[in-house]
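A.B. asks: test case, fold it:
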Amino acid sequence: MNTSIVETFSKHIVIFVMIIVCCLTGCLGGGAAGTGGTTGNSTPTPSEVAAITPTQITQYSDEQIIALGTNIRYLSDTTLIALSNMTGPNNSVGQVESISVSEIAVLTPAQVRLIGAAGPGGSIGASLIAYLNAGAWAVLTSDPAQVAAITPAEISALWDKQITALGTNIQYLSNAALIALTPWTGRLLTGQIESISVAQIAVLSPAQVRLIGAAGPGGSITTSMITYLNSGAWSALVSDPIQMAAMTPAEIATFGYEQIIAMGADIQYLSDAALSVISIWANVSNKFQNGQMESLTVAQITALSPAQITLLAAASSGYGSDTGIAFLNVGAFGALSAAQTAVLTPSEVIGVNDTLWASLSDSALAGLPPATIASLTGAQKALLSSTQHTACSC
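C.D. replies: Numbers count the residues shown, from 1 in each chain. Next up is the predicted model:
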């Protein structure tokens, strides 16, 4: 055989062998397997994943994060901490955003706390779970144990839609996490508390409702911010007698007139302490609107007992203490029954004007205590009809 032909054939054999070796060792692909890298998008082994260093993970593309698959669970704590939500030439989406449904499902609550949690000076801060994609978030929050592990610091970074996406598993949030919820919009479209759904408020216990957004100074617990619930969630809350009975006087003071009206006849389930703080004034959220007392409806007055009417009358006004009854609207005042007017004292009706008196039924006027009837002034009786005059003998 010609020597040149043999030499050429030998060279081709050597090149062919080198190509095979190169393919087997990964010299044509991404990082080397021996340093924890991956070849292309193939799934690395558990030992390879465990060997990936924080420095190496920072160079991983979105595709390489996805390629880790369920073996992502073998990343060291320090490497999980080094994951980033930043975009760049190799990360059009971001590493944390690229974590898949199957990947988040295999991480423990402790590991989830470490995702992207690199803090200043090598410290560990809050995780970046707020940057998980919608699918991964849905899987994470479908697990009660994972929801229970969400920290207050993590809550503060969550978007409104992520609060809603917690679904009924919101009931598994820790007390500290519930307290950390805020009504502020900022970068949020609506606010966390306003994003709580009808289904979510329905699964929270009265004790949990008291904690919603109740973060006070210095880590203290103060009044809940349920006044920021959306109208649907509010309606669901106040339709439950047990939830109504649990409302505190401090919470009542934060409610707008629309929220008082939405209580409907279930206002009767408020505690005496809560009823006692219903005010004639409009709170901050009620600027230039009706006060709480003026907002009470016919149905609400009808549902209250005489003793509860006395609690409403105890509100203070410009007429003095115990003069709140004068601030009922005409319809509500006119709905007072004889049993209810029977508890009104002379001092409590000082501010009641002639229009309100004229709205009462004959039986309600007749039910007034003699001392109260005797205290009525000419101005107060000015609009009474002849039958009303007869009814009250005034």
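A.B. asks: please count neighbours and contacts with C-alpha atoms only from this point.
C.D. replies: Noted.
A.B. asks: so who does Leu344 touch?
C.D. replies: Residues near Leu344 by C-alpha atoms under 8 Å, 6 or more residues apart in numbering: Thr310, Ala313, Leu368, Pro369, Thr372.
A.B. asks: ok, the second one to Pro120 distance?
C.D. replies: Here Ala313 is placed at a distance of 58 Å from Pro120 (C-alpha to C-alpha, to the nearest Å).
A.B. asks: just the ones of the contacts of Leu344 in helices?
C.D. replies: Thr310, Ala313, Thr372 (DSSP state H).
A.B. asks: would you write a ChimeraX line that selects the buried entries of these?
C.D. replies: Those of these that count as buried under 16 or more other C-alpha atoms under 10 Å are selected in ChimeraX with:
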select :310,313,372
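A.B. asks: quick one: buried residues of stretch 203-213?
C.D. replies: Val203, Leu204, Pro206, Gln208, Val209, Arg210, Leu211, Ile212, Gly213.
A.B. asks: ok, now stretch 93-109?
C.D. replies: For stretch 93-109, burial by neighbour count (16+ other C-alpha under 10 Å) applies to 93-107, 109.
A.B. asks: same check, this time on stretch 155-174
C.D. replies: Going by 16+ other C-alpha under 10 Å, stretch 155-174 has these buried residues: 155, 157-174.
A.B. asks: now swap in stretch 383-391 and tell me
C.D. replies: The neighbour-count check on stretch 383-391 (16+ other C-alpha under 10 Å) flags Leu383, Leu384, Gln388, Ala391 as buried.
A.B. asks: columns secondary structure, pLDDT and distance to Pro241 on top of those, output as a markdown table?
C.D. replies: Converted to a markdown table, the buried residues of stretch 383-391 look like this (DSSP: H, G, I helix; E, B strand; the rest coil; pLDDT from 0 to 100; distance: C-alpha to C-alpha, whole Å):
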| residue | secondary structure | pLDDT | distance to Pro241 |
| --- | --- | --- | --- |
| Leu383 | coil | 98 | 39 |
| Leu384 | coil | 98 | 39 |
| Gln388 | helix | 98 | 37 |
| Ala391 | helix | 97 | 37 |
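A.B. asks: which among these gets closest to Val343?
C.D. replies: The closest of those to Val343 turns out to be Ala391 (C-alpha to C-alpha; 17.2 Å).
A.B. asks: how about TSV for the ones in helices among the contacts of Leu344, with pLDDT and distance to Ile301 added?
C.D. replies: Listed next are those as TSV, based on pLDDT from 0 to 100; distance: C-alpha to C-alpha, whole Å:
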residue	pLDDT	distance to Ile301
Thr310	98	12
Ala313	97	12
Thr372	98	20
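A.B. asks: between the ones in helices among the contacts of Leu344, which sits nearest Trp184?
C.D. replies: The closest of these, once distances to Trp184 are taken by C-alpha to C-alpha, is Ala313, at 35.6 Å.
A.B. asks: next helix or strand past the host helix or strand of Gln308?
C.D. replies: Applying DSSP states H and E as the criterion places Gln308 in helix 306-313. Toward the C-terminal end, the helix or strand that comes next after helix 306-313 (DSSP H and E) is helix 330-334.
A.B. asks: how about residues contacting the next helix or strand after that next one?
C.D. replies: Elements were assigned by DSSP H and E; along the chain past helix 330-334, the next helix or strand is helix 338-341. Residues outside helix 338-341 that contact it (C-alpha under 8 Å, 6+ apart): Ser305, Pro306, Ile309, Ser363, Ala364, Leu365, Ala366, Gly367, Leu368, Pro369.
A.B. asks: I'm done for today, thanks for sticking with me.
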